[in-house]
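> take this sequence and fold it.
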Amino acid sequence: MAATPRTSSLTAPDAQPMGLRERKKLKTRVAIRTATYRLIQEQGYEATTIEQIAEAAEVSPSTVLRYFATKEDIVLTDAYDPLMVTALRSRPLDEPPLESLRLMMREALTSFVTAEEEELRRRTRLMVEIPAIRARMTETMSDTAKLLSQVLADRTGRSADDLRIRIFTAAVLGALREVTLYWGEHGQEGDLITMIDEALDTLETGLRL
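Numbering: from 1, shown residues only. Model prediction:
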């Protein structure tokens, strides 16, 4: 999903206000991301270097790499995974897993669109245009899948490495990935949340010939 979210319904109910150190980290992270998007817009993705990003954000290159392991991560990294895990754990235990994931994803995306719509649009354009970002997105989704698989494993009494758990989680996140790319490839037209609902309907019912 993208930048550290602002207050939303996905925020954990027991979340505490950030301390000075956390606020400084957030400020640095936002500065790095803002500088990155500005430079990419001005001169293109490939021409933008970590050194240039550091200079524009008024930090050192080592600071940039401490916050983001790669340039692609500056575009892709966000703070939504832990919140999605919390939201998924809060769903009723007798709720069908696909419905739990559907509602959790709908809530997360609604929060994201409300707080960070322009960031979502910029990120999606780069996903479509830059192969390295698409490849890195696949890697980061694998990490997200492991987190969500553990929650589903706990709910179903299976192992997180159970093949059916892995296939199910990968299929749902794969649907999210393909809808996002499709939306970006088609001028970001249409309602993204509705499109994801339709994709999950297809997973649930299969293709109807």
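> care to break this protein down by domain?
For the chain, the structural domains run 16-69, 78-205, going by automatic domain parsing.
> quick one, helices of the chain?
20-43, 50-57, 61-67, 71-76, 80-89, 97-129, 131-156, 163-185, 192-205 (DSSP state H).
> the second one: how far from the chain's middle?
Helix 50-57 has its C-alpha centroid displaced from the chain centroid by 24 Å (C-alpha atoms, centre = their mean, to the nearest Å).
> which elements pack onto it?
Helices and strands touching helix 50-57, by 3 or more C-beta pairs under 8 Å, 6 or more residues apart in numbering; DSSP states H and E, are helix 20-43, helix 61-67, helix 71-76. All C-beta atoms are positioned from the backbone trio N, CA, C, and that covers glycine.
> let's see 6 Å
Applying 3 or more C-beta pairs under 6 Å, 6 or more residues apart in numbering; DSSP states H and E, one finds that helix 50-57 makes contact with helix 20-43, helix 61-67.
> again, but for the longest one
For helix 97-129, the packing partners by 3+ C-beta pairs under 6 Å, 6+ apart come out as helix 80-89, helix 131-156, helix 163-185, helix 192-205.
> do the same with the fourth one
Here helix 71-76 is seen to pack against helix 131-156 when contacts are counted using 3+ C-beta pairs under 6 Å, 6+ apart.
> tilt between the helix it packs on and helix 80-89?
30 degrees (axes from the mean of the first three to the mean of the last three C-alpha atoms, to 10 degrees).
> helices and strands of the protein: which one bottoms out on pLDDT?
helix 80-89 (a mean of 86; mean pLDDT, DSSP states H and E).
> list the buried ones in it?
Buried residues in helix 80-89, counting neighbours by 16 or more other C-beta atoms under 10 Å, are found at Tyr80, Asp81, Leu83, Met84, Val85, Thr86, Ala87, Leu88.
> residues contacting the fourth one?
Remark: with contacts taken as C-beta atoms under 6 Å, 6 or more residues apart in numbering, Met84 is in contact with Met104, Ala108.
> how far away is it from Lys24?
Between Met84 and Lys24 the computed distance is 25 Å (C-beta to C-beta, to the nearest Å).
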